[in-house]
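S.K.: sequence first, predicted coordinates after that:
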Amino acid sequence: MDIESNNRTKRKNRKKNKNKRTSTEASKDAKATTSGRQKAALVVEDPTIDEDEDEDEQIQAGEKQIWRPGIDGIEQGEELDFDPSAYITYNAFDMEWPCLSFDTLRDPLGFHRTKFPMQMYLACGSQAATPEQNKVYIMKISNIQKIKEAEEEDEEGMSEDEEEPDVETKFFKHPGCVNRLRSMPQAANIIATMSDNKQAYIWDAQSIISSVDNPKSLGAGTTAVKPIFTFTGHPSEGYAVDWSPTVIGRLLSGDCSKHIYLWDRNDSGWTVNKMPFCGHTASVEDIQWSPNEANVFASCSVDKTVRIWDTRQKKKSMLFVAAHRNDVNVISWNPTKTHLMLSGSDDTTFKVWDLRKFKSSSPVGHFTYHRAPITSLQWHPTEDAMLAVSSEDNQLTIWDLALEADNDTKVVGASADVTQIPPQLLFVHQGQKGVKELRMHPQLPGVVISTAESGLNIFKPCNL
C-alpha cells in the first residue's frame, strides 16, 4: 500500500495583468487566489497602479492576481501556483488505485472539533486494474497540522522536516470495483458497498478500525474480512446506496436497471424486500433518505427526474419533477432545513429545490457556474445555507446561499470584471483531476475531503 502525504506541492503561476490587483490593505478575509478565493465583492480596483507599471515589480511586491476558473485561460508556459494562504490546512494523498467512492467514519472523539492537530478515519473503495485486486481501505489520518502563516515561516525558517500527517492503513479484499461505499451513521464499522459485479455487500470493519489504532495488532497490509451479508438480486451493477439516519440498519440500494431495493435489519442480519420500487425509467444514480422521516427517501436518475418516495408505496413515487435537461447524477437532502434538496446533472448545473412547492419549473436556485457534469454535492452538516459541489471541470466549489451581491463595491478580475462569478461562491479548490466524490466532515467543521483520479485531498479553506 502506497499512500504518501504531500502538503507542499508547488504549481507555478504567472497570470499576466498590469492594472488590476487585490487591495493590499484588504484584510485576510479578502484574499483571492488561484487555488481558493474569498467573496468576489471584496476584490477591488486599485487606482494607484499605473497601466505601464512593470509586471515583475507587482509580482515581487507579493500582489496576488485573480484567476477565474473556467473563464480565464492559461497561456503557454504558465501553470497554477498553490497558495498556502488560501487554506487553513491542506494535504494531498496518493492512492494505490483510484478511488471512486469513500466515506468518513464517525469516531468517539467528539463533534465540532476545530483544534489542531486533527484526526479522522476514512473508508475508501478501489477501482483496480483487475477485479481480484480491488480493496476497501480503512485509513486513520492523524497529526493533520494547520498551515503556518508566512510570518511564522519567516521566523522559524522553512524546514525540510516539516510535520506531515501520520497515516495508518489496513485493507480487506473486495470482489470487484467499489462503485459506491457508505458507512452506517449509527455504527461506523458497518459499511455497505455496491460492486460492478452486480452484487451489494455489508461488511463489519471493526477489527480493521481497531487495527489502525493499534498497528502492530494485526500486522501490516491486508486482513481477511468476509461480508456479513450479500445481496445478489440486482440485475445490473449500481451506484446508489444510502443508510437511513433514523432507523438503524435500514438501507436502500439502486442499480443501472432502474430498480431500488429496501433492506431492513433483523435478528439474524438483513432481509431485502424482493419487490423493487417502480417509477424510474432509466438508471438510478443516487439515493438519499429523509433526515427526519423514517419512511421517506429521494432518488435521481438518468431519466432526468428527481423522485420522492414513501417506503410503504412501491408502485409509484409520491412526487417527482423533471429536474434537468440531462442525467441527474447526484442529490443531497439538507440535514437541518429538511424542505431543501440539491440536485446535480450532466447538464453542468446544480439546482436547489423547496419540497413544499416541488415543481419542475420552480427550483429556488439554479446555478450554471460549472463547465462540465456535476459529479458530487453535499450540504454542510450544520450550516443550512452552505454546500460543496464537484465537477468534471476539475473544480470543487464551496457556496453560501445566504450571501448576496454587494452593489456598492466595484468588482474586478485579472483581465476583466468578475461579475460572472456568483456572489454565493465562497471558494474554488483545484489541483485534482477527475474529482469523483466529496464529503464535508461531520465532526470537523469546514474540513472537506475529495477523491479523484489523482488521489485524495483533505483541506479547510481560509474562509470557513
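M.R.: Yep, it's here.

S.K.: from the contact counts, what lies against the helix or strand hosting S450?
M.R.: S450 is part of strand 448-452, with elements assigned from DSSP states H and E. The helices and strands touching strand 448-452, judged by 3 or more Cβ pairs under 8 Å, 6 or more residues apart in numbering; DSSP states H and E, are strand 101-104, strand 118-125, strand 396-400, strand 435-440, strand 455-461. Quick note: C-beta positions are derived from backbone N, CA and C, even for glycine.

S.K.: so S210, which of the three states?
M.R.: Per DSSP: H, G, I helix; E, B strand; the rest coil, the local secondary structure of S210 is helix.

S.K.: what angle separates the strand holding S450 from strand 118-125?
M.R.: 30 degrees (axes from the mean of the first three to the mean of the last three Cα atoms, to 10 degrees).

S.K.: direction included, what does strand 448-452 pair against?
M.R.: In the sheet, strand 448-452 lines up against strand 435-440 (antiparallel), strand 455-461 (antiparallel) (DSSP bridges).

S.K.: before we move on, the earlier item: turn the helices and strands packed on strand 448-452 into TSV, columns for mean neighbour count.
M.R.: Listed next are the helices and strands packed on strand 448-452 as TSV, based on neighbours: other Cβ atoms under 10 Å:
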stretch	mean neighbour count
strand 101-104	23
strand 118-125	24
strand 396-400	24
strand 435-440	22
strand 455-461	23
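
S.K.: relative to strand 396-400, how tilted is the strand holding S450?
M.R.: 150 degrees.

S.K.: the helices in this protein, which residues?
M.R.: 55-60, 150-156, 206-213 (DSSP state H).

S.K.: and the closest residue to P235 other than its chain neighbours, what's its pLDDT?
M.R.: Using Cβ to Cβ, 6 or more residues apart in numbering and skipping residues adjacent in sequence, the residue nearest P235 is S257, 4.6 Å away. As predicted, S257 sits at a pLDDT of 97.

S.K.: quick revisit: now mean pLDDT and distance to I141 too, for the strands paired with strand 448-452, in JSON lines please.
M.R.: As requested, these are exported to JSON lines (pLDDT from 0 to 100; distance: least, Cβ to Cβ, whole Å):
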{"stretch": "strand 435-440", "mean pLDDT": "98", "distance to I141": "13"}
{"stretch": "strand 455-461", "mean pLDDT": "98", "distance to I141": "7"}
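
S.K.: for these, which one sits closest to V241?
M.R.: strand 435-440 (12.5 Å; Cβ to Cβ).

S.K.: what's next to that closest one, contact-wise?
M.R.: Strand 435-440 is touched from outside by 99-104, 375-381, 388-392, 394-396, 447-453, with contacts defined as Cβ atoms under 8 Å, 6 or more residues apart in numbering.

S.K.: do the same with stretch 255-266
M.R.: Contacts for stretch 255-266 (Cβ under 8 Å, 6+ apart): 194, 198, 231, 233-240, 247-254, 270-274, 276-277, 280-284, 287, 299, 301, 303, 309, 311.

S.K.: mind redoing it with 6 Å?
M.R.: Applying Cβ atoms under 6 Å, 6 or more residues apart in numbering, the set of residues contacting stretch 255-266 from outside is 234-238, 249-254, 270-273, 276-277, 280, 282-284, 311.

S.K.: of those residues, buried ones?
M.R.: When those are checked for burial by 16 or more other Cβ atoms under 10 Å, the buried set is 234, 237-238, 249-254, 270, 272, 276-277, 280, 283-284, 311.

S.K.: could you measure from Q432 over to G176?
M.R.: 25 Å (Cβ to Cβ, to the nearest Å).

S.K.: correction: A205
M.R.: 18 Å.

S.K.: now swap in K216 and tell me
M.R.: Taken as Cβ to Cβ, the span from K216 to G176 is 31 Å.

S.K.: out of those two, which sits in the busier spot?
M.R.: With neighbours defined as other Cβ atoms under 10 Å, K216 and G176 compare such that G176 has more, 21 against 7.

S.K.: wait, that one sits on M194?
M.R.: No - counting by Cβ atoms under 6 Å, G176 sits too far from M194 to count as a contact (9.4 Å).

S.K.: and S207, how many neighbours?
M.R.: 16.

S.K.: repeat for G77
M.R.: Count around G77 with other Cβ under 10 Å applied: 7.

S.K.: try Q199
M.R.: 18.

S.K.: for H259, see how far away the closest residue to it other than its chain neighbours is.
M.R.: Leaving out its chain neighbours, the residue that sits closest to Q199 by Cβ to Cβ, 6+ apart is T232, at 5.5 Å. T232 sits 13 Å away from H259, going by Cβ to Cβ.

S.K.: quick check: neighbours shared by those two?
M.R.: Counting by Cβ under 6 Å, 6+ apart, nothing touches both T232 and H259.

S.K.: show me which of these two is the more surrounded one.
M.R.: H259 (21 against 9).

S.K.: rewinding a little: dump the strands paired with strand 448-452 to a markdown table, plus distance to T338.
M.R.: A markdown table is the format used below for these (distance: least, Cβ to Cβ, whole Å):
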| stretch | distance to T338 |
| --- | --- |
| strand 435-440 | 17 |
| strand 455-461 | 26 |
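
S.K.: quick one: closest of the ones you listed to K135.
M.R.: Comparing these by Cβ to Cβ, strand 455-461 comes nearest, at 14.7 Å.
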